[in-house]
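A.B. asks: structure for the following, please:
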Amino acid sequence: MTAAGIVHLGVGAFHRAHQAVYLDDILADDPQWAIVGASLRRADMRDALAAQDNLFTVAIRSGDETKLRVVGSLKTIYVAPEDPEALLTAMCDPAVRIVSMTVTEKGYCHDPATGDLDPAHPDVAADLVRPRAPISTPGLLAEALRRRREAKIVPFTVMPCDNLPENGPTVHRIVAQYAALIDGGLARFVENDVAFAGTMVDRIVPATSEADIAEISAKLGVEDAWPVMTEPFTQWVIEDRFPTGRPDFAAVGAEMVGDVEPFERMKLRMLNGSHSTLAYLGYLAGYETVAQTMAAPDFARLIMGLMTEEVMPTLDVPGADLGAYRDALVRRFNNPALKHRTWQIAMDGSQKLPQRLLGTVRDRLGAGAPIDRLALGVAAWMRYVTAVDEKGAAIDVRDPMADRLKAIGEVAGRDPEKLAAAYLGVEEIFGRDLAASDDFVRPVVAALAALLDRGAAATVSQYGRGGH
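C.D. replies: I've put the predicted structure just below:
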């Protein structure tokens with residue numbers, strides 16, 4: 001019988017196209033590592049997959065080719081808001097030795113500018129009132145660890161798989177800070193006795209459309225209520241910190257390392273930073289997908305220049321060929337079969353900007369180096385979150401701070417200096433240092449002025465050709 005050795009929080013498309021595939025390969029030789037999944041918000045994924053025994057299709061698309069694979073590593077899915085006790089019971093099963101997560105940057109209830117827990121976050125505030133029935137990721141982890149400690153069950157290893165800088169230490173700190181608000185002894189236990197294994201995950205996974213469902217079901221000859229679409233490329237770099245045991249990740253292609261941070265920084269800055277820049281500018285210019293955006297030569301030149309001249313000099317990754325990685329990213333961005341929507345990538349920018357662009361900005365400013373393309377990416381985000389596009393139509397901005405950001409734009413109007421100053425005043429995103437840096441403010445205002453005056457396509461043409 002297949003046993004569940006992993007609980008995964010956040011069973012979304014990315015997890016099913018990435019970690020679940022690696023674990024499916026592992027189960028062929030080691031059946032103790034099935035996954036108990038958890039949805040932290042809605043029941044739709046559980047309901048869709050329950051009728052098909054939690055089997056689902058991964059469709060790998062490249063050019064005109066689509067390869068299908070049915071994955072069976074997901075044993076069951078709990079819906080935390082419906083029954084948090086059932087999920088906590090699963091997390092306390094002695095057979096479970098890893099709790100992993102893909103809850104997105106906003107799921108950690110933290111301040112993106114500092115990397116610390118935000119105790120005023122609504123979910124955290126609710127958990128502090130009812131810590132035995134938590135709804136937040138930090139709350140669930142802390143309560144499960146508390147129960148295991150009380151029952152004298154060894155703690156599981158926490159394995160975050162989200163795009164956070166130094167995601168292992170960052171999540172360790174967040175959970176310890178949460179625990180300290182509950183119980184000092186629990187906080188010390190989390191700090192000293194619980195392992196946190198950092199990771200770098202990479203695979204482009206667009207949202208599944210109704211057309212995708214129809215196409216995949218037709219190819220399979222049986223209905224799949226929720227397949228996932230992805231690309232051939234996949235990468236998983238994992239810090240080897242699993243004191244109570246782990247699957248043989250390396251046997252199925254994962255890279256086990258002592259320190260994941262250089263790899264994580266490379267991916268966050270090169271792939272994710274470029275993706276966000278493409279998303280805001282591409283959406284504003286009227287492009288629906290990343291591949292359509294990259295097919296415009298000015299945008300391709302801009303992204304190549306961004307990675308080569310402004311991002312790569314900030315990176316030092318042992319054994320990595322940054323030029324080859326850049327070239328592979330450009331090929332992946334150009335894959336027309338993926339249909340990765342710019343609007344989807346643009347979601348939750350207030351949570352993504354600090355790690356995707358602002359860390360690079362700070363390093364470049366510290367080196368006295370130019371940041372023109374990085375500043376354009378930041379300005380494009382500012383233009384996007386005003387929630388009005390270049391034709392005067394509303395933009396459906398999906399972001400935890402969407403209402404606040406829209407209100408800032410309405411008050412500041414189309415004056416680039418006022419608009420930039422107002423957004424730079426959001427300390428949860430920019431901290432205090434960047435708003436005080438003329439070397440940062442000046443190019444951001446210049447880029448924002450160009451976007452407001454000439455639009456995204458003309459501005460990208462100017463920047464892509466090296467003129468600012």
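
A.B. asks: which regions of the stretch 251-400 of the chain lie under the pLDDT threshold?
C.D. replies: Segments of the stretch 251-400 of the chain classed as low confidence (criterion: pLDDT under 70) are not present in this model.

A.B. asks: do a quick rundown of the strands in it.
C.D. replies: 255-257 (DSSP state E, counting those that start in this stretch).

A.B. asks: ok, which stretches of it are helices?
C.D. replies: Listed from the start of the chain, the stretch 251-400 of the chain has helices (DSSP state H, counting those that start in this stretch) covering 261-266, 273-284, 290-294, 297-305, 322-333, 342-345, 349-353, 359-366, 372-385.

A.B. asks: mind putting the ones you listed into TSV with distance to residue 136?
C.D. replies: No exception for glycine: its C-beta is placed from N, CA and C like everyone else's. Conversion of these to TSV gives the following (distance: least, Cβ to Cβ, whole Å):
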stretch	distance to residue 136
helix 261-266	23
helix 273-284	25
helix 290-294	31
helix 297-305	35
helix 322-333	33
helix 342-345	24
helix 349-353	15
helix 359-366	25
helix 372-385	25
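
A.B. asks: so which of those comes closest to residue 103?
C.D. replies: When those are compared by Cβ to Cβ, helix 349-353 sits nearest residue 103, at 11.1 Å.

A.B. asks: could you export that closest one as PDB, CA atoms only?
C.D. replies: Listed next in PDB are the C-alpha coordinates belonging to helix 349-353 (Å, rounded to 0.1, in the frame of the first residue of the first chain):
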ATOM      1  CA  GLY A 349       3.000  42.200  -7.900                       C
ATOM      2  CA  SER A 350       3.200  43.900  -4.500                       C
ATOM      3  CA  GLN A 351       4.400  40.600  -3.100                       C
ATOM      4  CA  LYS A 352       6.700  39.800  -6.000                       C
ATOM      5  CA  LEU A 353       8.500  43.100  -6.700                       C
END
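
A.B. asks: packing partners of it?
C.D. replies: If you count contacts as 3 or more Cβ pairs under 8 Å, 6 or more residues apart in numbering; DSSP states H and E, helix 349-353 packs onto helix 273-284, helix 372-385, helix 427-430.

A.B. asks: can I get those helices in a markdown table including mean neighbour count and distance to residue 54?
C.D. replies: A markdown table is the format used below for those (neighbours: other Cβ atoms under 10 Å; distance: least, Cβ to Cβ, whole Å):
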| stretch | mean neighbour count | distance to residue 54 |
| --- | --- | --- |
| helix 273-284 | 26 | 30 |
| helix 372-385 | 26 | 37 |
| helix 427-430 | 19 | 37 |
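
A.B. asks: mind checking which of the ones you listed is nearest residue 132?
C.D. replies: Between residue 132 and the helices and strands packed on helix 349-353, the shortest separation by Cβ to Cβ is 29.2 Å, and it involves helix 427-430.

A.B. asks: next one: the residue nearest in space to the middle of the chain from residue 141, what distance?
C.D. replies: Centre of the chain computed as the mean C-alpha position; nearest residue by Cα atoms, centre = their mean is residue 163, 4.2 Å away. Distance of residue 163 to residue 141, computed by Cβ to Cβ, to the nearest Å: 18 Å.

A.B. asks: about what we covered before: save the helices and strands packed on helix 349-353 as JSON lines, and put in distance to residue 192 too.
C.D. replies: Formatted as JSON lines, these follow (distance: least, Cβ to Cβ, whole Å):
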{"stretch": "helix 273-284", "distance to residue 192": "35"}
{"stretch": "helix 372-385", "distance to residue 192": "39"}
{"stretch": "helix 427-430", "distance to residue 192": "30"}
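
A.B. asks: of those helices, which is nearest residue 80?
C.D. replies: Counting by Cβ to Cβ, and looking across all of the helices and strands packed on helix 349-353, nearest comes helix 427-430 at 25.3 Å.

A.B. asks: what packs against the helix or strand residue 141 falls within?
C.D. replies: With elements delineated by DSSP states H and E, residue 141 resides in helix 137-150, which encompasses its position. Packing contacts for helix 137-150, counted by 3+ Cβ pairs under 8 Å, 6+ apart, involve helix 84-91, strand 98-101, helix 122-129, helix 167-182, helix 184-193.

A.B. asks: may I have the second one as PDB, with CA atoms only?
C.D. replies: So that's strand 98-101. Output of strand 98-101 as PDB, limited to C-alpha atoms (Å, rounded to 0.1, in the frame of the first residue of the first chain):
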ATOM      1  CA  ILE A  98       8.100  16.500   5.100                       C
ATOM      2  CA  VAL A  99       5.600  19.300   4.800                       C
ATOM      3  CA  SER A 100       6.100  21.200   1.600                       C
ATOM      4  CA  MET A 101       4.300  24.200   0.200                       C
END
